[in-house]
Every structure is written in structure tokens, then in C-alpha cells.
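Trainee: need the 3D shape of this:
(one chain, ligands or ions: 2)
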Amino acid sequence: MRPDDKRKAKECIFCKIIQGTLPTQKVFENERVFAFKDISPQAPVHVLIVPKKHITDILDVRMEDASVFENLFLAAQHIAAQLGIAGSGFRTVFNSGDHACQTIYHLHLHLLGGTQMGGSMTG
Ligand code: 5GP
Ligand code: ZN
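Mentor: Residues are numbered from 1 along each chain as shown. Ligands and ions are numbered 1, 2, ... in the order given. Alright, predicted model coming up:
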């Protein structure tokens, strides 16, 4: 990790949640991934799935870390079944950068479900 990234990771809300220094409602955890309920849910089920390693966004994923995507989506599969929305369907979203309104710069996969969602993905 570059020195600047280290500084950012130290201040990162999601790193603090992973480390247990900020409280959260944990949904799932394994060696590489941590998942918790979104504080401001946009659907009956709204879970954030994050890599334990501080990676800021999709553009920050290096080849040696590419398995992070596999880990996040496999966790999404597991959590969807765990929370009973695998059959009814769900949406997975990565927001990247300003136009997508990314607010937390620690890579996270949104898992949304538990209701019929609209067809538009741009709100
Ligand atoms: P983004 O807009 O960056 O894709 O998504 C960030 C998400 O993190 C938002 O949906 C927001 O509600 C959620 N969030 C922000 N701060 C916290 C927090 O302290 N705890 C939890 N559980 N979620 C948070
Ligand atoms: Zn972080």
C-alpha cells in the first residue's frame, strides 16, 4: 500500500467497521470479505459487501487483487441465500466515482433485494 493509501485506510469508515472499532450489523464474514447492513437502506435487504483489504474503488483493483471480485460475488451468492432473496431476485451494484455518487472510497458491492425494484438503474 502506498503511504497516501495507508493514511486513507486509517481514516476509512469501512476499515473501522471491519476492525470492529465502529459498530455495525454484521451479516457475513470470511477470511477476505466482510458484509454488513447499510446504515441507510434503500431496499428491505441492503447489504454492503467489502474486501477486508482497503482498495478504494474498481479502478484501484490491481491484477494481483483481481480475485477480490470473485470473493465479493461469491459472498453475494451466499448472503442472498442466507437472507432468503436468492429465489425472488436481487441487484448488485458498484458505484464508482462522482457521476455514480460513490461516497465511501473503500470498494463495496451493494446487495439489494426483498422488494420488486424498478427497471431503471439510473434512478
Ligand atoms: P456508495 O454511495 O459509496 O456506493 O455507498 C456507500 C454506502 O455506505 C451508502 O449506501 C451509505 O448508506 C453507507 N454507509 C455510510 N456510512 C455508513 C456507516 O457508518 N455504516 C453503515 N453500515 N453504512 C454506511
Ligand atoms: Zn478502508
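Trainee: within range of ligand 1, give me the residues from the chain.
Mentor: If contacts are counted using CB under 6 Å from any ligand atom, the residues of the chain sitting beside ligand 1 are 13, 24, 36-40, 48, 95, 101-104. C-beta: built from backbone N, CA, C; applies to glycine.
Trainee: I'd like to know which of these are buried.
Mentor: 24, 36, 38, 48, 95, 102 (16 or more other CB atoms under 10 Å).
Trainee: same for whichever strand in the chain runs longest, what does it pack against?
Mentor: Longest strand in the chain by number of residues, with DSSP state E as the criterion: strand 45-51. Strand 45-51 sits against helix 13-19, strand 26-29, strand 33-37, helix 67-82, strand 109-113, with contacts defined as 3 or more CB pairs under 8 Å, 6 or more residues apart in numbering; DSSP states H and E.
Trainee: using a markdown table, lay out those together with distance to ligand 2 and mean pLDDT.
Mentor: As requested, those are arranged in a markdown table below (distance: least, CB to the ion, whole Å; pLDDT from 0 to 100):
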| stretch | distance to ligand 2 | mean pLDDT |
| --- | --- | --- |
| helix 13-19 | 3 | 97 |
| strand 26-29 | 15 | 98 |
| strand 33-37 | 10 | 98 |
| helix 67-82 | 13 | 98 |
| strand 109-113 | 14 | 98 |
